[in-house]
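> Fold the stuff below for me.
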Amino acid sequence: MRLARGRWSHYQILNENKKINSYVVHTELFNEHSFHQNLHLHLVIRPCFGSDEISVFLMEGDKKQYKVQNGGFSATFTNKTDVFHYLDNICTKERYYILQDLSFLNNRNEETVELFVTMHRDQFFNWSVTEVLEKKEMVKQKEIDFIKQKLYDSAIQIVLCLEKHYPKCSTIVLDIGLLKEKWYIRDFILHFSKSKWSQYQILSLVDELAAYLPHTQLATLHTLLHFIQEYKQVMLKPCLGQWGIGIVQVSWVQGDVFEVHNEQKKRIIEGRIDLLDYLQTRYLSQKSYIVQEKIHLAMIEDCIFDARVMVQRENTDSEWEVTAKAAKIATKEYIVTNVTKSIILLEDALQKSIIIRDHPKILSKINEICLAGTLLLVKYYQDITRIGMDIGIDKNGDIWIIETNLVPDVSLFKMLEDQSIYEKIIKKKKE
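You can find the predicted model right below:
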């Protein structure tokens, strides 16, 4: 049974700690017996791995009816047995699920404030609260600051408890429900080295690197709407993903009209509520996402391009060096460069673009940024010997860190005309 990093394992770890277990919602593995024992007023069911969530409510009224909410779909039943059979059919057989009894929320008059609290460990291995984000806008910034102080000590205890079992995890997001007199843990997500949110947390610690990062937040309906209002055009990216799969561009067209662009498909949506419902159902309910300001990358013949920069060392005792820089030119109409039209040397791409800034200075600055980023990342991941940095250059010649890859795919360098560059990367890897 693969539960080592799953939710059930996480809750068992926290329940064993007497200082923490009072904050943990009562949780059991989902089966027929636990379902009938725990279904009272409000039950939530989640997979041990994954982001989807199913809610079961006892509806108000004279007749006893249960409503099952699964993303954008809902169904109503008159007895527990029918509800269980429905859930048993929609839950994937190959996965394990947990259930949580949230009936205690139904007996309160105040509305629950739902928060994402990001805990991050710096290069000196000290944990701190770096972000407190609302899922919905309900409280003011002053109240957020107060909440941050209120949660701090207990949140630190939680991550220290989890750290013992997951020492390679440097970012943990707590999904917290807050009532006036208490708070409780709804869920938590461990972000390891491949997570875009964890990488952002690391790189943003250093002011010299933070200046080259696009404004980024965990994606909630609140942060998403705020970013659209501020930047007019934003990117939604899964925290865990590769090859550009799942990346979405959201644009504010005019008035209450929006465009959602994924791969080559474009969808026009009218109304903010409809937009948020669509994004929540299609993307945010499926996995963890970040939202980023859109960087308007430089173009070659109406196709955007960015750079993959390889930074390598021979072994853990040797010096790092930039070994290759290639430009990935996107296929026309695509919003990401993972679907490439061609791969050329970055120097050649700058010459073909409309960027008028001093190209040698841009290349030198890219080397400097990538080496600085690598030296910071290696403090967290000491055993790595190569990093692939995805670097964006906008129309003004400004440089942006798009993403870092700790296990980079070097095959794209094989597409360059000059094969010696690929051979240099491979030789460095073998040494």
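> The chain - how does it break down into domains?
By the assignment in automatic domain parsing, the chain contains the domains 7-107, 109-192, 215-294, 299-430.
> chain center to the longest one: distance?
For domain 299-430, the gap between its own C-alpha mean and the chain's C-alpha mean amounts to 22 Å (Cα atoms, centre = their mean, to the nearest Å).
> pretty sure Asp52 is touching Gly71, no?
Yes. Counting by Cβ atoms under 8 Å, Asp52 touches Gly71, with 6.9 Å between them. Backbone N, C-alpha and C define where each C-beta goes, glycine included.
> quick one, which of the two is more surrounded?
Asp52 (16 against 13; other Cβ atoms under 10 Å).
> Now do the contacts for that one.
Taking Cβ atoms under 8 Å, 6 or more residues apart in numbering as the criterion, Asp52 is in contact with Arg46, Asn70, Gly71, Ser285, Gln286.
> change it to 10 Å
Asp52 makes contact with Ile45, Arg46, Asn70, Gly71, Ile90, Cys91, Thr92, Tyr97, Ser285, Gln286, Lys287 under the criterion Cβ atoms under 10 Å, 6 or more residues apart in numbering.
> and it, how far is that from Gln65?
Going from Asp52 to Gln65 by Cβ to Cβ, to the nearest Å gives 23 Å.
> Next: Trp183.
31 Å.
> okay, these two: which has more neighbours?
Trp183 (21 against 15).
> need the contact list for that one.
Contact analysis of Trp183 by Cβ under 10 Å, 6+ apart lists 23, 112-113, 115, 117, 147, 150-151, 154-155, 174, 176-177.
> can we see that at 6 Å?
Ile176 (Cβ atoms under 6 Å, 6 or more residues apart in numbering).
> quick one, phi psi at it?
phi -130, psi 160 (degrees, to the nearest 10).
> hey, what's it bridged with?
When bridges are called by DSSP bridges, Trp183 pairs up with Leu178.
> Find me the pLDDT at it, would you?
Predicted confidence (pLDDT) for Trp183: 80.
> same thing with Val309?
Val309 is given a pLDDT of 95.
> Pull the number of nearby residues for Tyr381.
Neighbours of Tyr381 using other Cβ under 10 Å come to 14.
> okay, Asp52: pLDDT?
79.
> Could you say which helix or strand holds it?
In this assignment (DSSP states H and E), Asp52 forms part of neither any helix nor any strand.
> and the gap between it and Gln69?
11 Å.
> Check Ser251 too.
Taking Cβ to Cβ, one finds Ser251 at 29 Å from Gln69.
> is it true that Thr27 touches Tyr11?
Yes. Using Cβ atoms under 6 Å, Thr27 is in contact with Tyr11, at 4.5 Å.
> shared neighbours of these two, which are they?
Counting by Cβ under 6 Å, 6+ apart, nothing touches both Thr27 and Tyr11.
> Could you list the low-pLDDT ranges of the stretch 251-400 of the chain?
For the stretch 251-400 of the chain, the stretches with pLDDT under 70 are 339.
> So which residues of it form strands?
Assigned by DSSP state E, counting those that start in this stretch, the stretch 251-400 of the chain shows strands spanning 257-262, 265-270, 289-293, 299-300, 303-312, 321-330, 340-345, 386-393, 399-405.
> need these in TSV with distance to Leu240 and mean neighbour count, can you?
Listed next are the strands of the stretch 251-400 of the chain as TSV, based on distance: least, Cβ to Cβ, whole Å; neighbours: other Cβ atoms under 10 Å:
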stretch	distance to Leu240	mean neighbour count
strand 257-262	17	18
strand 265-270	22	12
strand 289-293	10	23
strand 299-300	29	18
strand 303-312	19	24
strand 321-330	21	21
strand 340-345	22	18
strand 386-393	16	22
strand 399-405	12	20
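> how about these, which one is nearest Leu363?
Leu363 lies closest, by Cβ to Cβ, to one member of these: strand 321-330, at 7.1 Å.
> Partner strands of the closest one and their direction?
When DSSP bridges is applied, strand 321-330 pairs with strand 303-312 (antiparallel), strand 340-345 (antiparallel).
> what does the last one contact?
Taking Cβ under 6 Å, 6+ apart as the criterion, the residues outside strand 340-345 that touch it are Cys303, Ala326, Ala327, Lys328, Ile329, Thr331, Leu412, Met415, Leu416.
> Kindly recompute the last result at 10 Å.
300-301, 303-305, 307-308, 324-332, 334, 337, 349, 351-352, 411-418, 421.
> Dump the C-alpha coordinates for that strand into PDB.
The C-alpha trace of strand 340-345 is given here as PDB (Å, rounded to 0.1, in the frame of the first residue of the first chain):
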ATOM      1  CA  THR A 340       9.200  24.000 -30.400                       C
ATOM      2  CA  LYS A 341       9.400  25.200 -34.000                       C
ATOM      3  CA  SER A 342      13.200  25.100 -33.800                       C
ATOM      4  CA  ILE A 343      16.200  25.100 -31.500                       C
ATOM      5  CA  ILE A 344      19.100  27.500 -32.200                       C
ATOM      6  CA  LEU A 345      22.000  29.100 -30.400                       C
END
